[in-house]
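Q: from the sequence below, what's the structure:
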Amino acid sequence: MSLSRLLIIFGLSLVALGLLWPVINKIGLGRLPDDIVIERDNFQVYIPLATSQLVSVIPSLILWRRRLLLRVDSARECSRPACRQQHRLRR
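A: Numbers count the residues shown, from 1 in each chain. Sure, this is the predicted structure:
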């Protein structure tokens, strides 16, 4: 994948996230129990620990599942013994 395509995908993802932000706030994703909020008179710090973990785990699980399904599909397509042996070694 070229760098320009990667940057376009990243930019479109940010636009989509910005458009979905009101919906994300309504379901409470920005205010989970382990998120730290410190508020003073003219000072506010927000550290989204639980939100960051959740945002990291969900895509990881989706990509892991996709990779697992692709591996199973490619293993089924192998009909030669040498090809099957290669798929067994990768696991």
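
Q: and Q44, what are its bridge partners?
A: Residues in a beta bridge with Q44, per DSSP bridges, are E39.

Q: so it makes contact with I36?
A: No: using C-beta atoms under 8 Å, Q44 makes no contact with I36, being 11.3 Å away. C-beta coordinates here come from the backbone N, C-alpha and C atoms, glycine included.

Q: just the CA coordinates for the strand or helix carrying L19, please, in PDB.
A: Using DSSP states H and E, L19 sits in helix 3-26. Provided in PDB are the C-alpha atoms of helix 3-26 (Å, rounded to 0.1, in the frame of the first residue of the first chain):
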ATOM      1  CA  LEU A   3       1.900   6.200   1.600                       C
ATOM      2  CA  SER A   4      -0.500   8.500  -0.200                       C
ATOM      3  CA  ARG A   5      -3.300   5.900   0.100                       C
ATOM      4  CA  LEU A   6      -2.500   5.300   3.700                       C
ATOM      5  CA  LEU A   7      -2.700   9.000   4.400                       C
ATOM      6  CA  ILE A   8      -6.000   9.300   2.600                       C
ATOM      7  CA  ILE A   9      -7.500   6.400   4.600                       C
ATOM      8  CA  PHE A  10      -6.200   7.900   7.900                       C
ATOM      9  CA  GLY A  11      -7.700  11.300   7.000                       C
ATOM     10  CA  LEU A  12     -11.100   9.800   6.100                       C
ATOM     11  CA  SER A  13     -11.100   7.800   9.300                       C
ATOM     12  CA  LEU A  14     -10.500  11.000  11.300                       C
ATOM     13  CA  VAL A  15     -13.400  12.700   9.400                       C
ATOM     14  CA  ALA A  16     -15.700   9.800  10.100                       C
ATOM     15  CA  LEU A  17     -14.700   9.800  13.800                       C
ATOM     16  CA  GLY A  18     -15.400  13.600  14.000                       C
ATOM     17  CA  LEU A  19     -18.800  13.100  12.400                       C
ATOM     18  CA  LEU A  20     -19.600  10.200  14.800                       C
ATOM     19  CA  TRP A  21     -18.400  12.000  17.900                       C
ATOM     20  CA  PRO A  22     -21.900  13.100  19.100                       C
ATOM     21  CA  VAL A  23     -23.100   9.500  18.900                       C
ATOM     22  CA  ILE A  24     -20.000   8.300  20.700                       C
ATOM     23  CA  ASN A  25     -20.600  10.700  23.500                       C
ATOM     24  CA  LYS A  26     -24.200   9.600  23.800                       C
END
